[in-house]
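>>> just a sequence and a predicted model for now, questions to come.
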Amino acid sequence: MKRSNLLFISLFTAIIIFLGFEFKHSFAGAYPICTVLPPTPPPINGNLTCTTPPDLNITFDDNWRSGVDFRWGPSIRGGGTATPNIDLDGKKCLRVTYPQGGEIGDGYQFMANIPPAESYFLTYDFRFGDGFEFVLGGKLPGLCGSECNSGGNKPDGDDGWSTRYMWRENGRGEVYAYNAAQAGTYPDHNYFPNFTFTPGVTYNIIQEVVLNTPGTSNGVVRTWVDGVLMQNLSSFRFRNRADMQVDSFFFSTFFGGSGPLWAPRKDEEILFCDVRAWSGDTCTVE
(Lines give C-alpha, C1' and ligand atoms only; values in the text may rest on other atoms or scores of the structure.)
Protein backbone atom coordinates (compact mmCIF):
# COMPACT_ATOMS: atom_id res chain seq x y z
CA MET A 1 0.00 0.00 0.00
CA LYS A 2 1.27 3.47 -0.80
CA ARG A 3 2.66 5.62 1.95
CA SER A 4 0.08 8.36 1.13
CA ASN A 5 -2.78 5.92 1.61
CA LEU A 6 -1.43 4.80 4.99
CA LEU A 7 -1.16 8.40 6.11
CA PHE A 8 -4.76 9.06 4.97
CA ILE A 9 -6.11 6.03 6.89
CA SER A 10 -4.22 6.96 10.06
CA LEU A 11 -5.44 10.53 9.88
CA PHE A 12 -9.05 9.42 9.25
CA THR A 13 -8.93 6.99 12.22
CA ALA A 14 -7.57 9.67 14.52
CA ILE A 15 -10.37 12.06 13.53
CA ILE A 16 -13.04 9.40 14.20
CA ILE A 17 -11.57 8.62 17.65
CA PHE A 18 -11.41 12.32 18.50
CA LEU A 19 -14.97 12.99 17.37
CA GLY A 20 -16.24 9.98 19.29
CA PHE A 21 -14.54 11.22 22.45
CA GLU A 22 -15.97 14.71 22.01
CA PHE A 23 -19.47 13.35 21.28
CA LYS A 24 -19.45 11.19 24.40
CA HIS A 25 -18.32 13.94 26.72
CA SER A 26 -20.37 16.68 25.13
CA PHE A 27 -23.66 14.80 25.46
CA ALA A 28 -22.95 13.07 28.76
CA GLY A 29 -23.82 16.20 30.71
CA ALA A 30 -26.81 17.12 28.56
CA TYR A 31 -28.21 13.59 28.44
CA PRO A 32 -27.21 11.73 31.61
CA ILE A 33 -27.53 7.98 31.80
CA CYS A 34 -30.96 7.09 33.25
CA THR A 35 -31.49 4.82 36.23
CA VAL A 36 -34.44 2.47 35.86
CA LEU A 37 -36.58 2.72 39.01
CA PRO A 38 -38.94 0.01 40.27
CA PRO A 39 -42.57 0.61 39.27
CA THR A 40 -44.81 2.45 41.69
CA PRO A 41 -47.22 -0.02 43.32
CA PRO A 42 -50.78 0.46 42.06
CA PRO A 43 -53.41 1.76 44.50
CA ILE A 44 -55.02 -1.04 46.52
CA ASN A 45 -58.31 0.54 47.55
CA GLY A 46 -59.51 4.13 47.58
CA ASN A 47 -56.12 5.57 46.53
CA LEU A 48 -54.28 3.63 49.24
CA THR A 49 -50.78 2.63 48.07
CA CYS A 50 -48.55 0.33 50.17
CA THR A 51 -45.03 -0.91 49.53
CA THR A 52 -45.19 -4.11 51.58
CA PRO A 53 -47.58 -7.08 51.74
CA PRO A 54 -50.47 -6.63 54.20
CA ASP A 55 -50.22 -7.92 57.77
CA LEU A 56 -53.88 -8.95 57.50
CA ASN A 57 -55.47 -10.08 54.25
CA ILE A 58 -59.02 -11.46 54.24
CA THR A 59 -60.83 -12.43 51.07
CA PHE A 60 -64.20 -13.84 52.05
CA ASP A 61 -64.21 -17.04 50.00
CA ASP A 62 -65.35 -20.39 51.38
CA ASN A 63 -61.97 -20.95 53.09
CA TRP A 64 -61.42 -17.47 54.49
CA ARG A 65 -61.20 -18.62 58.11
CA SER A 66 -58.10 -20.74 57.45
CA GLY A 67 -55.98 -17.61 56.86
CA VAL A 68 -57.04 -15.67 59.96
CA ASP A 69 -55.39 -15.79 63.39
CA PHE A 70 -58.53 -15.43 65.49
CA ARG A 71 -58.27 -13.85 68.93
CA TRP A 72 -61.89 -14.96 69.41
CA GLY A 73 -64.89 -15.84 67.27
CA PRO A 74 -66.26 -15.82 64.71
CA SER A 75 -69.54 -15.44 66.56
CA ILE A 76 -73.09 -15.13 65.27
CA ARG A 77 -74.98 -12.60 67.37
CA GLY A 78 -78.62 -13.57 68.00
CA GLY A 79 -80.50 -14.28 64.79
CA GLY A 80 -77.89 -12.83 62.46
CA THR A 81 -76.24 -14.86 59.70
CA ALA A 82 -72.91 -14.61 57.86
CA THR A 83 -72.49 -16.12 54.39
CA PRO A 84 -69.12 -16.00 52.55
CA ASN A 85 -68.29 -16.27 48.85
CA ILE A 86 -70.90 -13.70 47.75
CA ASP A 87 -69.86 -12.03 44.50
CA LEU A 88 -69.76 -8.23 44.31
CA ASP A 89 -68.11 -6.78 41.21
CA GLY A 90 -65.79 -9.79 41.02
CA LYS A 91 -64.89 -9.69 44.72
CA LYS A 92 -65.62 -12.44 47.25
CA CYS A 93 -67.62 -10.91 50.07
CA LEU A 94 -69.26 -11.79 53.38
CA ARG A 95 -73.00 -11.15 53.57
CA VAL A 96 -74.15 -10.38 57.11
CA THR A 97 -77.91 -10.35 57.73
CA TYR A 98 -79.85 -8.66 60.53
CA PRO A 99 -83.37 -10.09 61.05
CA GLN A 100 -86.50 -8.01 61.34
CA GLY A 101 -87.64 -7.64 64.90
CA GLY A 102 -84.54 -9.44 66.20
CA GLU A 103 -82.81 -8.74 69.45
CA ILE A 104 -80.65 -5.66 69.63
CA GLY A 105 -77.13 -6.67 68.69
CA ASP A 106 -78.05 -9.38 66.16
CA GLY A 107 -75.19 -9.57 63.67
CA TYR A 108 -71.66 -10.98 63.46
CA GLN A 109 -68.37 -10.47 65.26
CA PHE A 110 -64.80 -11.73 65.47
CA MET A 111 -61.44 -10.37 66.52
CA ALA A 112 -58.23 -11.18 64.63
CA ASN A 113 -54.66 -10.85 65.90
CA ILE A 114 -52.29 -8.63 63.91
CA PRO A 115 -48.59 -7.91 64.61
CA PRO A 116 -48.39 -5.23 67.33
CA ALA A 117 -47.35 -1.79 66.09
CA GLU A 118 -47.58 1.92 66.93
CA SER A 119 -49.65 2.67 63.83
CA TYR A 120 -51.80 0.87 61.25
CA PHE A 121 -53.74 1.34 58.05
CA LEU A 122 -56.96 -0.65 57.63
CA THR A 123 -59.15 -0.82 54.52
CA TYR A 124 -62.24 -2.73 53.43
CA ASP A 125 -65.18 -2.41 51.06
CA PHE A 126 -68.82 -2.62 52.15
CA ARG A 127 -72.30 -2.09 50.78
CA PHE A 128 -75.61 -1.59 52.56
CA GLY A 129 -78.33 -3.67 50.90
CA ASP A 130 -80.86 -2.11 48.54
CA GLY A 131 -83.52 -0.26 50.52
CA PHE A 132 -81.49 -0.52 53.75
CA GLU A 133 -83.19 1.34 56.61
CA PHE A 134 -80.60 2.82 58.95
CA VAL A 135 -83.06 3.27 61.87
CA LEU A 136 -80.96 4.82 64.70
CA GLY A 137 -77.66 3.18 63.84
CA GLY A 138 -75.27 0.26 64.12
CA LYS A 139 -71.63 -0.79 64.14
CA LEU A 140 -68.97 -1.26 61.46
CA PRO A 141 -65.46 -2.80 61.85
CA GLY A 142 -62.26 -1.05 62.95
CA LEU A 143 -58.98 -1.57 64.81
CA CYS A 144 -58.29 -2.01 68.52
CA GLY A 145 -55.66 -2.83 71.11
CA SER A 146 -55.08 -4.55 74.47
CA GLU A 147 -58.52 -5.27 75.99
CA CYS A 148 -60.25 -3.63 72.99
CA ASN A 149 -62.83 -1.85 75.11
CA SER A 150 -66.40 -1.63 73.82
CA GLY A 151 -69.95 -2.14 75.10
CA GLY A 152 -69.92 0.81 77.51
CA ASN A 153 -66.61 -0.22 79.10
CA LYS A 154 -65.00 3.23 79.27
CA PRO A 155 -61.19 3.00 78.96
CA ASP A 156 -58.92 4.33 81.67
CA GLY A 157 -55.73 4.39 79.59
CA ASP A 158 -54.37 1.19 81.11
CA ASP A 159 -56.87 -1.37 79.80
CA GLY A 160 -57.63 -0.97 76.08
CA TRP A 161 -59.30 0.96 73.26
CA SER A 162 -61.10 0.51 69.93
CA THR A 163 -61.81 2.53 66.77
CA ARG A 164 -64.89 1.09 65.10
CA TYR A 165 -67.38 3.06 63.03
CA MET A 166 -71.12 3.61 63.29
CA TRP A 167 -73.80 4.30 60.76
CA ARG A 168 -76.42 6.58 62.22
CA GLU A 169 -79.94 7.76 61.43
CA ASN A 170 -80.44 8.63 57.75
CA GLY A 171 -77.04 7.17 56.86
CA ARG A 172 -74.73 9.50 58.73
CA GLY A 173 -71.30 8.05 59.47
CA GLU A 174 -69.01 8.56 62.44
CA VAL A 175 -65.78 7.44 64.06
CA TYR A 176 -66.76 5.51 67.21
CA ALA A 177 -63.57 5.46 69.27
CA TYR A 178 -63.38 4.10 72.80
CA ASN A 179 -60.49 5.95 74.47
CA ALA A 180 -59.56 7.41 77.84
CA ALA A 181 -60.18 11.01 76.69
CA GLN A 182 -63.89 10.47 75.92
CA ALA A 183 -66.25 12.57 78.00
CA GLY A 184 -68.76 9.89 79.00
CA THR A 185 -69.40 6.17 79.19
CA TYR A 186 -69.75 5.93 75.42
CA PRO A 187 -67.52 7.49 72.75
CA ASP A 188 -67.90 11.10 71.69
CA HIS A 189 -69.68 11.79 68.40
CA ASN A 190 -67.27 12.36 65.50
CA TYR A 191 -69.62 12.61 62.52
CA PHE A 192 -68.42 12.68 58.93
CA PRO A 193 -69.20 16.24 57.77
CA ASN A 194 -71.57 16.74 54.82
CA PHE A 195 -71.77 13.03 54.03
CA THR A 196 -74.33 10.22 54.28
CA PHE A 197 -74.19 6.58 53.14
CA THR A 198 -76.59 5.46 50.42
CA PRO A 199 -78.10 1.94 50.27
CA GLY A 200 -77.00 -0.15 47.30
CA VAL A 201 -73.70 1.75 46.82
CA THR A 202 -70.32 0.08 47.38
CA TYR A 203 -67.95 2.12 49.56
CA ASN A 204 -64.28 1.78 50.37
CA ILE A 205 -63.19 2.92 53.82
CA ILE A 206 -59.61 3.52 54.97
CA GLN A 207 -58.70 3.97 58.61
CA GLU A 208 -55.31 5.16 59.83
CA VAL A 209 -54.61 4.89 63.55
CA VAL A 210 -51.50 6.43 65.14
CA LEU A 211 -51.20 5.78 68.86
CA ASN A 212 -50.70 8.63 71.27
CA THR A 213 -47.60 9.43 73.27
CA PRO A 214 -48.32 7.46 76.48
CA GLY A 215 -50.44 9.54 78.83
CA THR A 216 -51.00 12.34 76.28
CA SER A 217 -54.16 13.02 74.27
CA ASN A 218 -52.55 13.20 70.83
CA GLY A 219 -53.62 9.91 69.25
CA VAL A 220 -54.73 10.13 65.62
CA VAL A 221 -57.59 8.55 63.65
CA ARG A 222 -57.90 9.50 59.99
CA THR A 223 -60.73 8.21 57.80
CA TRP A 224 -61.14 8.24 54.03
CA VAL A 225 -64.27 7.14 52.17
CA ASP A 226 -63.68 6.42 48.49
CA GLY A 227 -60.39 8.28 48.75
CA VAL A 228 -61.92 11.44 50.26
CA LEU A 229 -60.67 12.47 53.70
CA MET A 230 -63.67 12.50 56.04
CA GLN A 231 -62.03 12.97 59.42
CA ASN A 232 -58.57 13.88 60.69
CA LEU A 233 -58.86 13.59 64.47
CA SER A 234 -55.86 14.00 66.75
CA SER A 235 -56.93 14.21 70.40
CA PHE A 236 -57.38 10.59 71.48
CA ARG A 237 -55.76 9.04 74.56
CA PHE A 238 -55.62 5.35 73.75
CA ARG A 239 -52.95 4.40 76.28
CA ASN A 240 -50.88 5.38 79.28
CA ARG A 241 -48.19 2.75 78.66
CA ALA A 242 -45.82 2.21 75.74
CA ASP A 243 -46.42 -1.56 75.73
CA MET A 244 -50.03 -1.00 74.59
CA GLN A 245 -50.12 -1.31 70.80
CA VAL A 246 -52.45 -1.68 67.85
CA ASP A 247 -52.77 -5.48 67.95
CA SER A 248 -56.22 -6.55 66.68
CA PHE A 249 -58.78 -6.15 63.90
CA PHE A 250 -62.28 -5.89 65.37
CA PHE A 251 -64.95 -7.13 62.94
CA SER A 252 -68.10 -5.97 64.68
CA THR A 253 -71.44 -5.31 63.03
CA PHE A 254 -74.96 -5.14 64.47
CA PHE A 255 -77.85 -2.71 64.98
CA GLY A 256 -77.49 -0.76 68.24
CA GLY A 257 -77.32 1.04 70.58
CA SER A 258 -79.86 -0.42 72.90
CA GLY A 259 -83.63 -0.53 73.09
CA PRO A 260 -86.38 -1.42 70.59
CA LEU A 261 -86.07 1.83 68.62
CA TRP A 262 -82.66 0.62 67.35
CA ALA A 263 -83.97 -2.71 66.01
CA PRO A 264 -84.22 -3.29 62.24
CA ARG A 265 -87.78 -2.83 60.93
CA LYS A 266 -87.24 -5.48 58.23
CA ASP A 267 -84.60 -8.03 57.24
CA GLU A 268 -81.42 -6.16 56.34
CA GLU A 269 -77.99 -7.06 54.96
CA ILE A 270 -74.52 -5.59 54.47
CA LEU A 271 -71.74 -7.00 52.27
CA PHE A 272 -68.12 -6.79 53.46
CA CYS A 273 -65.17 -7.40 51.10
CA ASP A 274 -61.36 -7.34 50.90
CA VAL A 275 -60.16 -6.58 54.44
CA ARG A 276 -56.49 -5.50 54.46
CA ALA A 277 -54.26 -4.02 57.19
CA TRP A 278 -50.66 -2.77 57.19
CA SER A 279 -48.49 -1.81 60.16
CA GLY A 280 -46.15 1.15 60.24
CA ASP A 281 -45.64 3.85 57.65
CA THR A 282 -45.48 1.75 54.48
CA CYS A 283 -48.73 3.18 53.08
CA THR A 284 -49.85 6.52 51.68
CA VAL A 285 -53.25 7.84 50.64
CA GLU A 286 -53.34 10.19 47.67
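Perfect, I can see it now.

>>> please parse the protein into its domains.
The chain breaks down by automatic domain parsing into domains covering 1-37, 48-285.

>>> save these as a markdown table, and put in mean neighbour count and mean pLDDT too.
C-beta: built from backbone N, CA, C; applies to glycine. Listed next are those as a markdown table, based on neighbours: other C-beta atoms under 10 Å; pLDDT from 0 to 100:
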| stretch | mean neighbour count | mean pLDDT |
| --- | --- | --- |
| domain 1-37 | 9 | 44 |
| domain 48-285 | 18 | 96 |
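
>>> strands of the stretch 151-286 of the chain, start to end?
160-168, 172-178, 190-196, 202-210, 219-225, 228-236, 246-254, 268-279, 283-285 (DSSP state E, counting those that start in this stretch).

>>> contact partners of stretch 244-251?
Stretch 244-251 has contacts (C-beta atoms under 8 Å, 6 or more residues apart in numbering) with 56, 71, 73-74, 108-120, 122, 141-146, 148, 150, 158, 160-162, 164, 209, 211, 214, 238, 272, 275, 277, 279.

>>> any chance you could map the helices in the stretch 51-200 of the chain?
Using DSSP state H, counting those that start in this stretch, the stretch 51-200 of the chain contains no helices.

>>> hmm, back to that, looking at the strands of the stretch 151-286 of the chain, which is nearest to residue 93?
The closest of the strands of the stretch 151-286 of the chain to residue 93 is strand 268-279. By C-beta to C-beta, the value is 3.9 Å.

>>> show me what the closest one is packed up against.
strand 56-58, strand 81-88, strand 91-98, strand 107-117, strand 119-128, strand 137-146, strand 246-254 (3 or more C-beta pairs under 8 Å, 6 or more residues apart in numbering; DSSP states H and E).

>>> can you list those in CSV and add distance to residue 187?
Putting those into CSV (distance: least, C-beta to C-beta, whole Å) gives the following:
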stretch, distance to residue 187
strand 56-58, 23
strand 81-88, 25
strand 91-98, 22
strand 107-117, 18
strand 119-128, 17
strand 137-146, 11
strand 246-254, 13
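
>>> list the contacts of residue 187.
176-179.

>>> rewinding a little: looking at the helices and strands packed on strand 268-279, which is closest to residue 228?
When these are compared (using C-beta to C-beta), the closest one is strand 119-128, at 13.8 Å.

>>> what angle separates that closest one from strand 91-98?
Here strand 119-128 runs at an angle of 70 degrees relative to strand 91-98 (axes from the mean of the first three to the mean of the last three C-alpha atoms, to 10 degrees).

>>> give the partner strands of strand 119-128 in its sheet and their orientations.
Using DSSP bridges, the strands paired with strand 119-128 are strand 202-210 (antiparallel), strand 268-279 (antiparallel).

>>> just put those in TSV and tack on distance to residue 225.
Shown next, in TSV, are these (distance: least, C-beta to C-beta, whole Å):
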stretch	distance to residue 225
strand 202-210	6
strand 268-279	15
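
>>> now for those, which one comes closest to residue 79?
With C-beta to C-beta as the yardstick, what comes closest out of the strands paired with strand 119-128 is strand 268-279 (11.7 Å).

>>> what separates that closest one from the chain centre, distance-wise?
Strand 268-279 sits 9 Å away from the centroid of its parent chain (C-alpha atoms, centre = their mean, to the nearest Å).

>>> dump the strands of the stretch 151-286 of the chain into TSV; add distance to residue 136 as well.
Formatted as TSV, those follow (distance: least, C-beta to C-beta, whole Å):
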stretch	distance to residue 136
strand 160-168	7
strand 172-178	11
strand 190-196	14
strand 202-210	20
strand 219-225	21
strand 228-236	21
strand 246-254	12
strand 268-279	13
strand 283-285	31
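
>>> relative to residue 185, how far out is the nearest residue to residue 161 once chain neighbours are set aside?
Closest residue in space to residue 161, ignoring its immediate chain neighbours: residue 238 at 4.2 Å, by C-beta to C-beta, 6 or more residues apart in numbering. Residue 238 is 17 Å from residue 185, where distance means C-beta to C-beta, to the nearest Å.

>>> do the same with residue 63
Distance, residue 63 to residue 185, by C-beta to C-beta: 40 Å.

>>> ok, now residue 165?
Residue 165 is 19 Å from residue 185, by C-beta to C-beta.

>>> how far away is the residue lying closest to residue 158 once chain neighbours are set aside from residue 213?
Of all residues not flanking residue 158 in the chain, residue 240 sits nearest, at 5.3 Å (C-beta to C-beta, 6+ apart). Applying C-beta to C-beta, the value for residue 240 to residue 213 is 10 Å.
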